[in-house]
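**Student:** Give the three-dimensional model of this entry:
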Amino acid sequence: MARERPKAIRLTDRAAAHLQAIMARSEGKYVGLRVGVKNGGCAGMEYTMEYAEAANPLDEVIEDKGVTILIDPKAILFLIGTEMDYETDKFSSGFRFNNPNVTDACGCGESVTIEPARL
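**Tutor:** Alright, predicted model coming up:
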C-alpha cells in the first residue's frame with residue numbers, strides 16, 4: 001500500500017477565513033491562491049503569493065478549509081509540512097509560514113533558507 005504524501009500546506013482557521021474574505025472581495029475571476037518560493041532576500045528564499053487565474057497542468061492543487069491553493073511543482077519539496085497562519089498584533093498583520101524545512105532566517109523575517117523536505 002502506498003503511503004499518502006503529506007499536504008504541502010495546511011491553513012489555520014484564521015488564514016482560511018482571511019483568504020476567503022480576500023478572494024470574495026477580489027475583482028477578477030480567480031480559481032485560487034498561488035503559493036510558492038523564489039530566490040531572494042538576505043537569507044536566500046522568499047515566499048510568494050498571488051491570485052491564480054487558472055491552474056497550470058503540473059500544479060499541486062490543495063483544497064483546505066474552503067480555499068484552493070495552487071503550488072508550482074518546483075516549490076513542493078520546499079513547502080511540504082508548512083502551516084500558513086494569519087496573525088495580527090499591535091503593529092502589524094500578515095500571513096506567516098510555519099515551515100519545518102526552514103534552516104535559517106534573516107533578522108527582519110522577510111526571507112529564509114529552506115532545505116527540500118526529505119520524504
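**Student:** wait, what's in contact with T113?
**Tutor:** 43-45, 102-105 (CB atoms under 8 Å, 6 or more residues apart in numbering). All C-beta spots, glycine's among them, are computed from the backbone N, C-alpha and C.
**Student:** secondary structure element for the nearest residue to it once chain neighbours are set aside?
**Tutor:** Distances taken as CB to CB, 6 or more residues apart in numbering place D104 nearest to T113, at 3.9 Å, with adjacent residues excluded. Element membership of D104, judged by DSSP states H and E, is strand 102-105.
**Student:** The nearest residue to A8 once chain neighbours are set aside: how many residues sit nearby?
**Tutor:** Spatial nearest neighbour of A8, excluding adjacent residues (CB to CB, 6+ apart): L79 at 4.3 Å. Here the count is done by other CB atoms under 10 Å, and L79 has 26 residues near it.
**Student:** What's the mean pLDDT across stretch 52-66?
**Tutor:** For stretch 52-66, mean pLDDT rounds to 95.
**Student:** circling back to that earlier point, quick one, which of the contacts of T113 are buried?
**Tutor:** 43-45, 102, 105 (16 or more other CB atoms under 10 Å).
**Student:** which residues of the chain fall in helices?
**Tutor:** 13-25, 76-79 (DSSP state H).
**Student:** other SSEs contacting the first one?
**Tutor:** With contacts defined as 3 or more CB pairs under 8 Å, 6 or more residues apart in numbering; DSSP states H and E, the secondary structure elements packing on helix 13-25 are strand 32-39, strand 67-71, strand 82-88.
**Student:** Check the ones you listed for me and report the most buried one.
**Tutor:** strand 67-71 (a mean of 21; mean count of other CB atoms under 10 Å).
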